[in-house]
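# Take a look and give me a structure for this.
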Amino acid sequence: LAVGHFLSLSSSSWPLAATVRLWDLLLLEGPPVVFASFLALLQMYLPELAEDGSPKLDEVTPGSSAGSCEEDDELLDPTIFFRRAVERGVSQDLQQVLLHIRALIPKISMGLIDQLRRNVSIAGIHGVR
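Numbering: from 1, shown residues only. Predicted coordinates:
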């Protein structure tokens with residue numbers, strides 16, 4: 001879920017106008033924006049899962065409609081469900097996404113980011129995944 005967001009800073013999956021707004025925010029606020037933006041997307045669009053691990057079907061995503069059986073099967077995959085919900089949300093309600101990101105930025109300090117980097121480095125040295 002996170003690879004494309006962190007490696008391309010959303011440029012590979014977000015519309016250009018949305019990507020530019022995110023990058024503006026990144027230049028203004030710094031690295032916490034990258035983490036805040038992904039956390040905002042998770043909070044806003046990651047579906048709750050049913051007991052079988054599929055997204056709850058009562059979750060309504062913006063612009064969703066009944067499609068082919070193959071499309072319906074794909075929507076049962078939480079990763080595909082999340083990515084499609086993010087694409088729709090960023091395209092249709094960018095302002096709400098940006099407000100959510102801005103609310104999370106103060107909660108993510110550079111100290112926290114540095115601590116997490118050290119933890120990842122230590123885990124890598126010890127072969128922990």
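
# Tell me the helices and strands packed up against the helix or strand that Leu112 is a member of.
For Leu112, the element it lies in under DSSP states H and E is helix 110-125. Helices and strands touching helix 110-125, as assessed by 3 or more CB pairs under 8 Å, 6 or more residues apart in numbering; DSSP states H and E, comprise helix 32-45. C-beta: built from backbone N, CA, C; applies to glycine.

# now the angle from the helix or strand harbouring Arg84 to helix 32-45?
Element membership for Arg84, per DSSP H and E: helix 78-92. Using axes from the mean of the first three to the mean of the last three CA atoms, to 10 degrees, the inter-axis angle of helix 78-92 relative to helix 32-45 is 110 degrees.

# helices or strands next to helix 78-92 in the packing?
helix 32-45, helix 69-75, helix 94-104.

# tell me the mean pLDDT over the longest one?
Mean pLDDT, taken over the full extent of helix 32-45, equals 94.

# Can you list the helices and strands that it packs against?
Packing partners of helix 32-45 (3+ CB pairs under 8 Å, 6+ apart): helix 3-8, helix 16-29, helix 78-92, helix 94-104, helix 110-125.

# CA-only coordinates of that helix, as CSV, when you get a sec.
Output in CSV follows, covering the C-alpha atoms of helix 32-45 (Å, rounded to 0.1, in the frame of the first residue of the first chain):
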residue,chain,number,x,y,z
PRO,A,32,6.1,15.0,8.3
VAL,A,33,3.8,15.7,5.3
VAL,A,34,4.8,12.5,3.7
PHE,A,35,3.8,10.4,6.7
ALA,A,36,0.8,12.6,7.5
SER,A,37,-0.5,12.2,4.0
PHE,A,38,-0.3,8.4,4.1
LEU,A,39,-1.9,8.2,7.5
ALA,A,40,-4.7,10.5,6.4
LEU,A,41,-5.4,8.2,3.4
LEU,A,42,-5.5,5.2,5.7
GLN,A,43,-7.8,6.9,8.1
MET,A,44,-10.1,8.1,5.4
TYR,A,45,-10.2,5.2,2.9
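
# Show me how far that helix is from its chain's centre.
5 Å (CA atoms, centre = their mean, to the nearest Å).

# what does the last one give?
Mean C-alpha position of helix 94-104 versus that of the full chain (CA atoms, centre = their mean) differs by 12 Å.
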